[in-house]
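> could you work out the structure for the sequence below:
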Amino acid sequence: MHSFDNECYLQAQTQAILTRIEMFSGKLYLEFGGKICHDLHAARVLPGYDPNVKIKLLQRMKDLLEIIYCIHAGDIEKGRMRGDFGLTYDTATLKTFDDLEDFGFRVSAVIVNRYHGEKSAERFIAFLRSRGLQVYTQPEIQGYPADVEKIVSPEGYGRNPFVETSKPLVIVTGAGPGSGKMSTCLSQVYHHHLKGQKAGFAKFETFPIWNLPLNHPVNIAYEAATADLQDRNMVDPFHLAQYGVTAINYNRDLENFSIMKEIISRITDPNSPLSSYNSPTDMGVNMAKTGIINEEGVSEAARQEIIRRYFRYAWEFKQGVEKKETVAILEKLMQQVGVKVTDRSTVPAAREAAERAKELGKGNRGVFCGSALELPDGKIIVGMNTPLMHAESAVILHAVKELARIPNEIDLLPESLIKNIAILKKDILGSKSESLNVEEVLIALSISAAQSPVSEVCLRKLELLAGCEFHTTHVIGKGDENGLRRLKLHVTSDALPTSRGFYY
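Here you go, the predicted model:
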């Protein structure tokens with residue numbers, strides 16, 4: 001059941017942005033937080049939310065806008081990852097450019113922020129320029145954001161290039177948090193001020209939703225999503241003092257607002273509408289609450305998202321890429337909303353399947369894995385690993401059989417096909433195990449479908465798995481991870497080791 005009305009939201013959000021453009025006499029830099037397209041977090045937390053509703057929002061104002069895209073040079077250098085697609089920020093940026101072009105938008109300019117000659121960033125810049133994109137670099141301003149004197153000077157914003165724009169609405173988006181979007185907006189306003197031109201800025205961020213309660217599960221799910229940054233939701237004290245209205249914002253904006261006001265006072269005229277921003281909440285144009293039509297639906301979805309985030313951070317901690325403190329934050333957030341990991345229905349089912357595999361003498365090389373998938377109707381399907389197939393692969397086949405109403409005893413993959421793939425993997429390619437991962441099973445199913453009407457029916461059912469919940473007990477290998485991601489499943493894992501070794 002949908003809990004979010006996209007059309008209602010689009011109408012309110014479009015009007016809010018158009019009103020803000022008018023407020024600034026036709027030149028607005030809009031800091032576009034979150035993901036400009038494929039916003040999968042919002043889609044999980046707000047059931048019914050179109051992951052590309054922001055694109056639809058922009059399409060309603062297409063003739064009024066252009067896009068500036070920001071990325072932090074350090075994120076390129078470190079190979080920072082975007083978790084939902086498993087891509088590094090630079091690669092995810094290229095994907096976003098392609099996606100935007102598919103939707104009819106082209107990025108006007110790219111700004112590489114906090115750039116100091118990083119080699120990876122240099123290569124990235126050269127590639128973008130070779131493809132005809134305007135690319136600018138901005139150095140890090142020492143003392144930012146506290147040293148206002150330096151920031152608002154020729155040695156601060158004055159060192160940044162002025163990006164020429166022609167449309168009344170300039171969307172300033174980026175690869176992720178810390179990309180320099182806000183700094184870019186203010187730098188542009190600074191240069192307009194020097195030229196005697198009027199310009200303003202505003203913030204567009206879906207989360208936290210300012211007019212939902214502080215402890216609402218949807219807002220706590222935002223804290224879970226940004227626990228690695230240690231973002232915290234707080235009551236906006238500036239908004240409360242000015243208007244007597246409780247509004248929710250996050251700590252970084254609240255901590256920096258007094259400095260922000262000081263910067264604004266130095267880069268605008270006293271009568272500028274920017275001076276009317278009395279709180280961080282005033283800067284925002286978020287109308288997400290208008291789309292919520294089922295309070296309990298979004299609350300439960302948010303609680304489930306918090307559990308999913310716990311599993312992700314716990315796995316990243318085991319990999320050595322996340323801090324133990326982040327996992328502890330998630331444990332506290334789960335307590336705050338009153339959930340345990342076993343409140344995710346696929347978790348106990350997968351764990352029981354692993355135990356069952358051990359009892360039945362299945363498994364592979366002494367490791368017993370279980371996987372569970374929740375179908376759209378709520379039915380739980382489980383799978384176990386065997387020498388021929390990973391648990392993740394088995395549950396996918398069981399699930400499409402269930403959807404196609406095919407008896408479980410009917411095999412979808414001919415024995416000869418499985419045998420030949422096993423020979424290829426072990427005898428020719430030298431793999432330690434012939435057990436088929438999800439990617440391999442999907443390819444095998446498509447081959448089988450050419451000869452078997454039953455397999456073809458099941459192949460067509462794969463698309464119904466999109467958005468389903470999935471849990472597995474052991475570390476997910478690349479072949480499984482890629483296949484599950486392409487099926488658009490919501491995947492979590494206990495991340496138990498799949499062998500006694502370190503590599504195999």
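
> just for the stretch 101-250 of the chain, where's the confidence low?
For the stretch 101-250 of the chain, no stretch has pLDDT under 70.

> oh, that last question was meant for the stretch 351-500 of the chain, not what I typed.
Those would be 499-500, if you go by pLDDT under 70 across the stretch 351-500 of the chain.

> buried stuff in the longest helix belonging to the chain?
Using DSSP state H, we find that the single longest helix of the chain is helix 295-319. By neighbour count on 16 or more other C-beta atoms under 10 Å, the buried set for helix 295-319 is 297-317. In this view, the C-beta of every residue, glycine as well, is placed from N, C-alpha and C.

> mind listing the helices in the stretch 51-200 of the chain by residue range?
Along the stretch 51-200 of the chain, counting by DSSP state H, counting those that start in this stretch, helices occupy 53-59, 73-78, 89-102, 119-130, 148-151, 181-194.

> of these, which is nearest Ser435?
Closest to Ser435 of those, according to C-beta to C-beta: helix 89-102, at 29.5 Å.

> contacts for that closest one, please.
The contact list for helix 89-102 (C-beta atoms under 8 Å, 6 or more residues apart in numbering) reads 36-38, 55, 67, 69, 71-72, 75-76, 79-82, 85, 87, 106-107, 110, 120, 124, 133, 175-176.

> so which bits of that helix are buried?
Neighbour-count burial for helix 89-102, with 16+ other C-beta under 10 Å as criterion, is recorded at Tyr89, Asp90, Thr91, Ala92, Thr93, Thr96, Phe97, Leu100.

> can I get those residues in CSV with pLDDT and distance to Pro270?
Shown next, in CSV, are these (pLDDT from 0 to 100; distance: C-beta to C-beta, whole Å):
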residue, pLDDT, distance to Pro270
Tyr89, 85, 39
Asp90, 90, 42
Thr91, 91, 45
Ala92, 89, 42
Thr93, 93, 39
Thr96, 93, 39
Phe97, 95, 40
Leu100, 96, 38
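
> any chance of those in CSV, plus distance to Tyr49?
Listed next are those as CSV, based on distance: C-beta to C-beta, whole Å:
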residue, distance to Tyr49
Tyr89, 24
Asp90, 27
Thr91, 25
Ala92, 20
Thr93, 23
Thr96, 19
Phe97, 23
Leu100, 19
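
> of those, closest to Met61?
Nearest to Met61 among those, with distances taken as C-beta to C-beta, is Leu100, at 14.5 Å.

> so what does the longest helix of the chain touch, helix or strand wise?
If you count contacts as 3 or more C-beta pairs under 8 Å, 6 or more residues apart in numbering; DSSP states H and E, helix 295-319 packs onto helix 40-45, helix 217-225, helix 324-337, strand 490-496.

> angle of that helix against strand 490-496?
When axes from the mean of the first three to the mean of the last three C-alpha atoms, to 10 degrees is applied, the directions of helix 295-319 and strand 490-496 differ by 40 degrees.

> returning to what we had before: which of the helices of the stretch 51-200 of the chain sits most buried?
helix 181-194 (a mean of 22; mean count of other C-beta atoms under 10 Å).

> name the helices or strands packed onto it?
Using 3+ C-beta pairs under 8 Å, 6+ apart: helix 181-194 touches strand 28-32, strand 65-72, strand 107-113, strand 134-138, strand 169-174, strand 200-204, helix 251-267.

> between that helix and strand 65-72, how big is the angle?
120 degrees.

> what's in contact with helix 181-194?
27, 29-33, 68, 70, 111, 113, 138, 141, 144, 152, 157-158, 160, 162-163, 165, 170, 172-174, 198-201, 203, 263-264, 267-269, 274.

> are any of those residues buried, and which?
27, 29-33, 68, 70, 111, 113, 138, 141, 144, 152, 157, 160, 163, 165, 170, 172-174, 198-201, 203, 263-264, 267-268, 274.

> distance from the strand or helix carrying Pro348 to the middle of the chain?
Using DSSP states H and E, the element containing Pro348 is helix 346-359. Relative to its chain's centre, helix 346-359 lies at 30 Å (C-alpha atoms, centre = their mean, to the nearest Å).

> show me what that helix is packed up against.
strand 370-374, strand 380-384, helix 391-404, strand 469-474, strand 490-496.

> nearest to Thr246, out of the ones you listed?
Once those are compared by C-beta to C-beta, strand 490-496 is nearest, at 32.2 Å.

> what pairs with the closest one, parallel or antiparallel?
In the sheet, strand 490-496 lines up against strand 469-474 (parallel) (DSSP bridges).

> now for the closest residue to Thr290 other than its chain neighbours: which residues touch it?
Leaving aside its sequence neighbours, Thr290 sits nearest to Ala12 (C-beta to C-beta, 6 or more residues apart in numbering; 4.2 Å). Applying C-beta under 8 Å, 6+ apart, we find Ala12 in contact with Met287, Thr290, Gly291.

> tell me how far the second one lies from His192.
Thr290 sits 32 Å away from His192, taking C-beta to C-beta, to the nearest Å as the criterion.

> ditto for Ile111
Per C-beta to C-beta, Ile111 is found 16 Å from His192.

> check Arg20 too.
Using C-beta to C-beta, Arg20 is found at 16 Å from His192.

> now do Arg344, the pLDDT please.
Note on Arg344: pLDDT of 98.

> could you report the pLDDT at the nearest residue to it once chain neighbours are set aside?
Computed as C-beta to C-beta, 6+ apart, the closest residue to Arg344 that is not its neighbour in sequence is Ile307, at 4.7 Å. Ile307 is assigned 99 on the pLDDT scale.

> Ile307 contacts Thr342, doesn't it?
No - using C-beta atoms under 8 Å, Ile307 makes no contact with Thr342, being 9.1 Å away.

> restrict the contacts of helix 89-102 to the buried ones and give me that as a PyMOL selection.
Of those, the buried ones can be selected in PyMOL as follows, counting by 16+ other C-beta under 10 Å:
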select buried, resi 36+37+38+55+67+69+71+72+75+76+80+81+82+107+110+120+124+133+175+176
